[in-house]
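In: sequence first, then the predicted structure, then my questions.
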Amino acid sequence: MAKSSGREMIVGIVLKHWIEFLINSNSTQSNNHNNQAIITIKQSQQSQQSQQMRIDIITLFPELLESPFQHSIMKRAKEKGILEVNLFNPREKYSIGQHKKMDDYQYGGGAGLVMLPEPLANCLDDFKAERDYDEIIFVTPDGERLNQSIANQLSLKENVIILCGHYKGIDERIREKYITREISIGDYVLSGGELAAAVIVDSIGRLLPGVLNDETSALLDSHQDNLLAPPVYTRPADFQGMKVPAVLLSGHQAKIEEWRFEQALLRTKERRPDMFEKF
Ligand code: 6GU
């Protein structure tokens, strides 16, 4: 797989959304200035939601995922019709027998149940018959580790399935036949893929244009550009004797940006020398 830097991805995302605007727009006005491009993208989202992403999550425990998408930014994304998240429990329709079986012991012995291939295959076949999916993601501790670049890439997709495993995992043949991408959220083990799926969806959702109030703010996040974010302050200017850095009160925008960049560099060097090396 080709590797792209955070910066390339940002440019890619801005370009894609801008091109979408130009295609959708009735106006022939265009302006090559960067800021203008971002403002133009903003207007396009206000007048018409050009991008709608659909994420279908297949999970034996949909209740675990109900709350994360009912609040704050993810709620807004859903309400604005920018992101559709559907939860589907395969046990309802695809389990085997009276006992609604979804898993069994593993061949060769060993502790832990494995999710059966047949119900998952039937479920995935039915989903795929409905629409074309850009990715079928399996969340698993042995997948590639989620980072900002992967979230950026996924935010450009239209239809995505996320399959959550449980117990010892899923039969390897499902991975071979259906899964296009395997993602882990870090080097530790969770009891199921649901919380990892929530993390992945959140990291994607906030990148979709129109979800955040200020279109540019997702692009300036920590990790977009391989730098950590600079410190931020709000009122009061003097809190228990601790003062907000004077430059932030100066009203001098260029100086403020310079200070923020310096702070981001310092922070990254101190806390994440590995990221600083790559920057
Ligand atoms: Cl995606 N799943 C599980 N079960 N544990 C994890 C993980 C995923 N990522 C890190 N740990």
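Out: Yes, it's here.
In: C-alpha only now, for contacts and for neighbours.
Out: OK.
In: residue 229 sits in which helix or strand?
Out: Residue 229 belongs to no helix or strand when assigned by DSSP states H and E.
In: then residue 140?
Out: strand 135-145.
In: swap in residue 263?
Out: Going by DSSP H and E, residue 263 is part of helix 253-271.
In: how far does that helix sit from its chain's centre?
Out: 26 Å (Cα atoms, centre = their mean, to the nearest Å).
In: contacting residues for the residue nearest the centre of the chain?
Out: Closest residue to the average C-alpha location of the chain: residue 204 at 2.1 Å, with Cα atoms, centre = their mean. Residue 204 sits next to 151-152, 154-155 when contact means Cα atoms under 8 Å, 6 or more residues apart in numbering.
In: list the buried residues of the helix holding residue 263.
Out: 256, 259-261, 263-269 (16 or more other Cα atoms under 10 Å).
In: any idea of the mean pLDDT in it?
Out: Computed over helix 253-271, the mean pLDDT rounds to 98.
In: again, but for stretch 98-118
Out: For stretch 98-118, the per-residue pLDDT averages 96.
In: can you count the residues close to residue 83?
Out: Per other Cα atoms under 10 Å, the neighbour tally for residue 83 reads 24.
In: who are the packing partners of the helix holding residue 263?
Out: helix 246-249, helix 273-278 (3 or more Cα pairs under 8 Å, 6 or more residues apart in numbering; DSSP states H and E).
In: how about that helix as CSV, C-alpha atoms only?
Out: Extracted in CSV, the C-alpha atoms of helix 253-271 (Å, rounded to 0.1, in the frame of the first residue of the first chain):
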residue,chain,number,x,y,z
GLN,A,253,-2.7,37.4,14.1
ALA,A,254,0.6,36.7,12.4
LYS,A,255,2.5,36.7,15.7
ILE,A,256,-0.2,34.5,17.2
GLU,A,257,0.1,31.9,14.5
GLU,A,258,3.9,32.0,14.8
TRP,A,259,3.7,31.4,18.5
ARG,A,260,1.2,28.5,18.1
PHE,A,261,3.5,26.9,15.5
GLU,A,262,6.5,27.2,17.8
GLN,A,263,4.6,25.8,20.7
ALA,A,264,3.4,22.9,18.6
LEU,A,265,7.0,22.1,17.6
LEU,A,266,8.2,22.3,21.2
ARG,A,267,5.4,20.1,22.5
THR,A,268,6.0,17.5,19.8
LYS,A,269,9.7,17.5,20.3
GLU,A,270,9.2,17.0,24.1
ARG,A,271,6.4,14.6,24.2
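In: offset the numbering so it begins at 27, please.
Out: With the count now opening at 27, the last piece we talked about shows up as helix 279-297.
In: run through the strands of the stretch 77-226 of the chain in chain order.
Out: For the stretch 77-226 of the chain, applying DSSP state E, counting those that start in this stretch gives strands covering 79-84, 109-114, 129-131, 139-141, 161-171, 185-190, 207-210.
In: could you dump these to CSV with distance to residue 277?
Out: Shown next, in CSV, are the strands of the stretch 77-226 of the chain (distance: least, Cα to Cα, whole Å):
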stretch, distance to residue 277
strand 79-84, 39
strand 109-114, 37
strand 129-131, 62
strand 139-141, 59
strand 161-171, 41
strand 185-190, 44
strand 207-210, 43
